[in-house]
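> I'll drop the sequence and a predicted model, then ask my questions.
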Amino acid sequence: MPIPRPDLQGDRVIAHVDMDCFYVQVEQRKQPKLRGLPTAVVQYNDWKGGALIAVSYEARKFGVKRSMRGAEAEMVCPNIQLVQVPVARGKADLNAYRSAGSEVVSILSTKGRCERASIDEVYLDLTDAAESMLSETPPEALEDIDEEALKSHVLGLIGDEDREKNVQRWFIRSDAIHQDKLLACGAIIVAHLRGEVLKETEFTCSAGIAHNKMLAKLASGMHKPAQQTIVPSSAVKDLLASLPVKKMKQLGGKLGSSLQNDLGVNTVGDLLKFSEEKLQERYGFNTGTWLWNIARGISGDEVKGRVLPKSHGCGKTFPGPRALKTTAAVESWLNQLCEELSERIQLDMDQNKRVAHTLTLHARAFKTSDVEPHKKFPSKSCPLRYGINKIQEDAKKLFDTGLREFLGSHSNAWRVTSLSISAGKILDTPRTSSISRLFQGKSLSSAISDASNDDIQDDAPSSSIGCKENIVLESDKDEVFAHGKSVKEDDAPSKDRKIDVLCTQSRKQKDKGNGSILKFFSGINTSAKHASNAPSSGSESHKGQDQRDHQEECLVDDHSRLGTISNQQRDDSWNFNAEDIDPSVIDELPPEIQREVRGWICSSKRAKTTKRGSSIFHYFSTDDNA
Ligand code: DCP
C-alpha cells in the first residue's frame with residue numbers, strides 16, 4: 001500500500017540514472033565487434049530461440065521487442081545478433097551484469113547520497129553538491145557549460161529549434177527561481193557523472209533530474225538512450241496531465257484499474273478533480289492522501305544511502321512441459337539454487353561484511369486436477385543458516401511445508417513451474433575482525449535452532465505482514481553450535497570454560513559506547529531469542545519478530561560468575577570456549593571492558609573475585625538502574 005510522504009523541507013535535487021539496454025551493453029563490451037549492430041540478449045532456453053531480455057536500440061528500430069523470442073526477432077531483423085546470457089548450474093548467471101552495475105554505482109556515488117534501486121538503476125541526492133555549485137561556480141559564471149548538459153531536455157521549454165541555445169539560456173537565467181537554479185546545477189553534475197561512467201566503463205546511461213524521486217524516475221525514461229531530462233516544477237502539471245495512470249509506479253495493478261474503472265481516471269492529472277477527502281473515503285486514509293499528493297507531483301521519499309542490494313535471490317522457471325513433477329526434481333533444482341545463493345551471501349559477507357538473516361522460498365505450482373485452481377503455493381521463510389548444506393536442507397523443508405499446505409487434504413499430482421529462493425534481512429556486521437567470525441557462528445547457531453524447531457513462516461507480502469504464522473516442523477533440539485560448527489550437546493564445552501552471551505529484550509538501556517561490539521551483540525541477541533522455545537501462534541510470532549528487531553542489549557559474562565542468573569536466562573544462552581576468543585576480538589571492546597574480558601580468559605582467580613557491580617556488568621547490564 002502506498003504511503004504518503006509530504007514534500008521534505010527545502011528544495012532538493014534528485015537524479016534517477018538508468019543504464020541503456022544494460023545487458024546488451026555488458027555483452028557488447030565483452031565483444032566489441034557487436035557495437036553498433038542490432039543485438040539482443042537471450043535468456044537461456046532452447047524453445048524458439050529463447051526469450052529476449054534486453055534489446056539494443058539498433059534492434060529496436062527494426063521492431064524487435066523484449067516480449068519476443070529469438071526466432072521471432074530474427075524474422076523482423078534478420079541481422080540481429082543474439083547473445084545468450086551466461087549459464088551456470090543450468091540457469092542464467094547474472095554475475096557479470098551485477099558487477100558491471102557495481103562499477104557504475106561506484107562512479108555515481110561520488111557526488112551525493114546514492115541508492116541502488118536495481119541491477120541497472122540508481123537514485124542520487126545531489127542537493128548538497130548542487131547547492132555548493134550554485135554558491136561557488138553557478139552556471140552563469142562558467143565559461144562553457146558542459147556540452148552534454150546543454151543537450152538536456154528541459155520539460156516545458158518551448159521550441160525545438162536551436163534547442164541547445166534555449167537550454168543554455170535556461171541554465172543561466174538570472175530571474176530563475178532558486179529551485180530551477182539548483183536543477184540546472186544538478187543537471188551539469190549529472191552530465192559530468194554520465195561522462196565519467198562512459199569513460200570508465202564504456203556504458204551509456206540516461207537520467208532524469210527533478211526535485212523528487214518520483215519525478216526523476218518518470219523523466220529518466222523520456223529520452224533514451226544516452227540523454228537526460230530535467231523537470232522544472234513549472235512543468236510538473238503538464239507532465240502529469242497526460243501521464244497514463246498505469247505508467248505511474250504503484251498504479252500498474254489493481255489500484256490503477258480501480259481508478260480507471262471506478263472513477264474514470266485515465267491520467268494522473270485526472271486525479272486533480274478529486275478532493276483529498278473523497279480519495280481517502282474511497283481508498284483509505286494513506287492511499288487517498290498518496291493519490292492526492294502524486295496528482296500534484298508531491299513525494300517526500302528520501303534517497304536511501306544504499307549501494308548494496310537489499311536481498312539476494314535466484315530462481316528458475318520451468319514452463320510448459322518442463323514443469324517439475326517430483327520432489328526429487330525439485331530438490332535437485334533447489335540444491336543448485338542454494339549453491340548459488342550460498343556463494344553470493346558468502347561473497348557479500350567477505351566483501352561487505354554483511355550477514356543475511358532470512359531465507360525465503362517462493363514457488364509457482366498447480367495441481368493436475370481442477371481442485372482449487374486459484375490456490376497459490378505459499379511463500380515460506382525461516383532464519384538463514386550459512387553453509388551450502390544447511391541452506392539446501394532448510395530450503396527443502398520450506399518447500400515441503402509449502403507443498404503440504406498447497407495440497408491440503410487433496411493428494412493430487414502437482415507441477416512446479418517456478419522456484420526461487422532469496423536471502424533477506426541483510427545487516428551489516430560489526431567491523432572486520434575475527435569477532436565477527438567468532439560470533440557469526442553463534443548467530444548461525446540460533447538459526448539452526450530456529451529452522452529445525454519451529455520458525456518456518458509464511459512469507460506474507462508486507463501489506464499483510466500481520467498474518468504471518470509459524471509452522472512447527474520436527475525438532476532437532478540436540479544440536480547446538482559452537483564456533484559455527486555443529487556439535488552434539490554432549491560435546492559442548494564444559495560450563496567452567498564457557499562464556500555465556502545473554503541477551504535481554506529491553507530497548508530502554510541505550511548503548512553506552514559506539515564500538516561495533518554492541519551492534520554485534522544485538523545481532524546475537526536476535527539469535528538467542530530464536531534459540532528459546534518461542535510460542536508459535538501467528539500473533540506471537542509477529543510480536544517475537546518485532547522484539548527481535550528491537551533488541552539492543554546483551555549481557556556478557558563469565559558463566560562461572562553468574563550465580564544469580566535464572567534458569568530461564570541459562571536456557572536462552574549460548575556457549576563457547578573462552579580460550580577460543582581471538583585476542584583481536586578483545587581489541588574492539590572499550591578499554592575498561594577489554595581489561596575485564598582479558599581477566600576472564602587469563603586469570604580464573606581474578607574472574608572469581610570480580611563483582612557484579614564491576615564495569616563489565618555496568619556496561620552490559622540488563623538492569624535499567626545499572
Ligand atoms: N531484464 C531481465 N528481464 C526482464 C527485464 C529486464 O532480465 N524481463 C534485465 C535486462 C535488462 C536489465 O534487466 O538489460 C535492465 O532492464 P531495463 O528495464 O532497465 O531495460 P534495459 O536496460 O535493457 O533497456 P532500457 O534502455 O529501455 O532501460
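Yes, it's here.

> Counting neighbours, which bits of stretch 14-28 end up buried?
The neighbour-count check on stretch 14-28 (16 or more other C-beta atoms under 10 Å) flags 14-28 as buried. Backbone N, C-alpha and C define where each C-beta goes, glycine included.

> Stretch 324-335 now?
Neighbour counts over stretch 324-335 (16+ other C-beta under 10 Å) mark Leu324, Val330, Trp333, Leu334, Asn335 as buried.

> pretty sure the fourth one is in a strand, no?
Spelled out, it's Leu334. No. Leu334 is assigned helix when assessed by DSSP: H, G, I helix; E, B strand; the rest coil, not a strand.

> Next one: it relative to the ligand, how far apart?
Per C-beta to the nearest ligand atom, to the nearest Å, Leu334 is found 22 Å from the ligand.

> How about the secondary structure of the residue lying closest to that residue once chain neighbours are set aside?
Leaving aside its sequence neighbours, Leu334 sits nearest to Ala395 (C-beta to C-beta, 6 or more residues apart in numbering; 4.8 Å). Classification of Ala395 by three-state DSSP places it in helix.

> now Pro225
Secondary structure, three-state DSSP: Pro225 is coil.

> okay but it is in contact with Asp18, surely?
No. Using C-beta atoms under 8 Å, Pro225 is not in contact with Asp18, being 9.6 Å away.

> overlap in contacts of these two?
Counting by C-beta atoms under 8 Å, 6 or more residues apart in numbering, the contacts common to Pro225 and Asp18 are Ser206.

> can you name the two of the buried residues of stretch 324-335 that are farthest apart?
Leu324 and Asn335 (12.8 Å; C-beta to C-beta).

> which parts of the host helix or strand of Thr417 are buried?
Assigned by DSSP states H and E, Thr417 falls within strand 414-428. Residues 414-426 are the ones in strand 414-428 that count as buried (16+ other C-beta under 10 Å).

> Stretch 292-311 too?
Trp292, Asn293, Ile294, Ala295, Gly297, Ile298, Ser299, Gly300, Glu302, Val303, Val307, Pro309.

> Of the residues you listed, which is the nearest to the ligand?
Comparing the buried residues of stretch 292-311 against the ligand with C-beta to the nearest ligand atom picks out Pro309 as the nearest, at 13.6 Å.

> Following the record's annotation, map out the domains of this protein.
1-20+91-307, 21-90, 312-428, 434-619 (automatic domain parsing).

> Indicate whether the longest one makes contact with the ligand.
Looking back up the chat, that one is domain 1-20+91-307. Yes. Contact of domain 1-20+91-307 with the ligand (C-beta under 6 Å from any ligand atom) involves Asp18, Met19, Asp20, Ile119, Asp120, Lys224, Pro225.

> Kindly reformat these as TSV containing pLDDT.
Converted to TSV, the residues of domain 1-20+91-307 next to the ligand look like this (pLDDT from 0 to 100):
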residue	pLDDT
Asp18	98
Met19	98
Asp20	98
Ile119	93
Asp120	95
Lys224	97
Pro225	97
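
> Narrow the residues you listed to those in helices?
Residues of the residues of domain 1-20+91-307 next to the ligand located in helices (DSSP state H): none.

> show me the contacts for whichever residue of the stretch 101-250 of the chain sits closest to the ligand.
Per C-beta to the nearest ligand atom, the residue of the stretch 101-250 of the chain with the smallest distance to the ligand is Asp120, at 4.4 Å. Counting by C-beta under 8 Å, 6+ apart, Asp120 makes contact with Asp18, Met19, Phe22, Tyr97, Gly101, Val104.

> what about 6 Å?
By C-beta atoms under 6 Å, 6 or more residues apart in numbering, the residues touching Asp120 are Met19, Phe22, Gly101.

> could I get those residues as TSV with distance to Ser56?
Converted to TSV, these look like this (distance: C-beta to C-beta, whole Å):
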residue	distance to Ser56
Met19	12
Phe22	11
Gly101	18
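
> for Leu94, phi and psi?
Main-chain torsions, Leu94, degrees, to the nearest 10: phi -90, psi 10.

> wait, I meant Phe22
Backbone torsions of Phe22, given as degrees, to the nearest 10, read phi -60, psi -50.

> How about Val42?
phi -120, psi 140.

> count of residues packed around it?
21 (other C-beta atoms under 10 Å).

> any idea how far the closest residue to it other than its chain neighbours lies from the ligand?
Closest residue to Val42 apart from its sequence neighbours, by C-beta to C-beta, 6+ apart: Gly50 at 3.9 Å. From Gly50 across to the ligand, the span is 12 Å (C-beta to the nearest ligand atom).

> From Gly70, how far off is Gly50?
5 Å (C-beta to C-beta, to the nearest Å).

> Now do the shared contacts for those two.
Listed as contacting both Gly50 and Gly70 by C-beta under 6 Å, 6+ apart are Val42.

> which residues pair with Ser381 across the strands?
Note on Ser381: beta-bridge partners Thr360, Gln457, judged by DSSP bridges.

> and Val355, helix, strand or coil?
strand.

> Do I have it right that it meets Thr429?
Yes. Counting by C-beta atoms under 6 Å, Val355 touches Thr429, with 5.3 Å between them.

> quick one: common contacting residues for these two?
Contacts common to Val355 and Thr429, judged by C-beta under 6 Å, 6+ apart, are absent.
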